[in-house]
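>>> when you get a sec, could you give me coordinates for this:
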Amino acid sequence: TVQQALPLSDIVQLRDRTSLGLVGALGGVTLLVLAMSAMGLFSLMSVSVSRRTREIGLRTALGANPRQVVASVLSHAGLLMATGGATGGALLRGIVSVRGPSGRPADDIALYVPWLAVTALVMLATGTLAALGPARRALRINPTEAMREA
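Numbering: from 1, shown residues only. Next up is the predicted model:
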């Protein structure tokens, strides 16, 4: 016997609502992980540049152009971020080629490229901002104090 009869449209709507809830939850967790990763990268890059404060002050005291000093700091940070992005891309390719959802590595990698690109852009922006702040602070150090501390 049929205990509960529902129109097909109601069944589909109930199924879709459940699926949308799951997609929303997974999207929220993904954004949370991305935000926490960005915060960790920001802290790491900020500390890395802050440790170079004396070097930046000395370079400024010896007559280095502030733009060149900031460009040097940002290029070093960019190299670190590019290395991390390349490593992440290589790991993604390795994992997807072994255990991709469809079993066809070329198709599976194409599914993940947009996610990797968004993640790389967020991390690049975060790392650049994290390196720029301490570098600008270090440029404001009085060059004679930097020479005295060295």
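
>>> any idea how far the residue sitting nearest the centre point of the chain lies from residue 54?
With distances taken as C-alpha atoms, centre = their mean, residue 123 lies nearest the centre of the chain, 2.3 Å away. Residue 123 sits 27 Å away from residue 54, taking C-beta to C-beta, to the nearest Å as the criterion. (Each C-beta comes from the backbone N, C-alpha and C, glycine too.)

>>> which neighbouring elements make contact with the helix ranked longest in the chain?
If you go by DSSP state H, the chain has its longest helix at helix 8-50. Secondary-structure packing of helix 8-50 (3 or more C-beta pairs under 8 Å, 6 or more residues apart in numbering; DSSP states H and E): helix 66-99, helix 105-139.

>>> would you turn the ones you listed into JSON lines with distance to residue 48?
Below are the helices and strands packed on helix 8-50 laid out as JSON lines (distance: least, C-beta to C-beta, whole Å):
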{"stretch": "helix 66-99", "distance to residue 48": "7"}
{"stretch": "helix 105-139", "distance to residue 48": "8"}
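
>>> thinking again about what came up before, not counting sequence-adjacent ones, nearest residue to the residue nearest to the centre of the chain?
In this structure, residue 123 finds its nearest non-sequential neighbour in residue 41, 5.7 Å apart by C-beta to C-beta, 6 or more residues apart in numbering.

>>> isn't the one you found up against residue 130?
Yes: counting by C-beta atoms under 8 Å, residue 41 does reach residue 130; the two are 6.9 Å apart.

>>> who has more neighbours out of these two?
residue 130 (24 against 19; other C-beta atoms under 10 Å).

>>> OK, contacts around the closest residue to that one other than its chain neighbours?
Distances taken as C-beta to C-beta, 6+ apart put residue 45 closest to residue 130, at 3.6 Å, once the chain neighbours are dropped. Applying C-beta atoms under 8 Å, 6 or more residues apart in numbering to residue 45 gives the contacts 77, 80, 126, 127, 130, 131.

>>> cool, and residue 70?
132, 135, 136, 139 are the contacts of residue 70 under C-beta under 8 Å, 6+ apart.

>>> and the gap between residue 53 and residue 34?
Distance from residue 53 to residue 34, by C-beta to C-beta: 30 Å.
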